[in-house]
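# what follows is a predicted structure for the sequence shown.
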Amino acid sequence: AAVVAVVIAPSAAAQALWEVHGDCRLVDRCVASAGYPLFNYGNLQSCMITALSAGTIEVLYFDTEAGFDQLGVLALTYDGTAGPHGVALAFGDALSWTSDSSVTRPGW
């Protein structure tokens, strides 16, 4: 699906992508934390991501500060190295990203 090493990509059948507000970025058909893959994400970052089509999340890389810097997908939160791989999204489903004020990691 994705041609760059960014974590969250819609399934190959999905045409569009994501709407992103805040400290995340779009790369082709993928969304990533700020700085990934060259730098760690920053402190006190946040973003809201909306799926613009149905699909399944494909996690290519995920590494956040466990217990503190979290990606919320539907009713669950993901942190550490356990990303939301395989989670099915519908059009309009929202994801949220927040990092705290200390330790940073490579992100996703």
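Here it is on my side, so go on.
# centre of the chain to the helix or strand containing V20, how far?
Assigned by DSSP states H and E, V20 belongs to strand 18-22. Distance, stretch centre to chain centre, for strand 18-22: 10 Å (C-alpha atoms, centre = their mean, to the nearest Å).
# name all residues that make contact with the closest residue to N40 other than its chain neighbours.
Of all residues not flanking N40 in the chain, T104 sits nearest, at 4.1 Å (C-beta to C-beta, 6 or more residues apart in numbering). (Glycine included, C-beta is placed from N, CA and C.) Listed by C-beta atoms under 8 Å, 6 or more residues apart in numbering, the contact partners of T104 are 40-43, 65, 69.
# sec struct for T104, please.
Three-state call for T104 (DSSP: H, G, I helix; E, B strand; the rest coil): coil.
# so how far is the first residue of stretch 63-79 from its last?
Chord length of stretch 63-79, first to last residue, is 7 Å (C-alpha to C-alpha, to the nearest Å).
# so how far is it from its chain's centroid?
Here stretch 63-79 is found 10 Å from its chain centre; the criterion is C-alpha atoms, centre = their mean.
# and the contacts of it?
By C-beta under 8 Å, 6+ apart, the residues outside stretch 63-79 that reach it are 33, 41, 57, 62, 80-81, 83-84, 87, 89, 93, 95-100, 102-108.
# let's see which of the residues you listed end up in strands.
Under the assignment DSSP state E, these contribute 33, 89, 95-98 to strands.
# using a markdown table, lay out the residues you listed together with neighbour count and distance to A51.
Putting the ones in strands among the contacts of stretch 63-79 into a markdown table (neighbours: other C-beta atoms under 10 Å; distance: C-beta to C-beta, whole Å) gives the following:
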| residue | neighbour count | distance to A51 |
| --- | --- | --- |
| S33 | 30 | 17 |
| L89 | 25 | 4 |
| L95 | 23 | 8 |
| S96 | 15 | 12 |
| W97 | 27 | 14 |
| T98 | 17 | 18 |
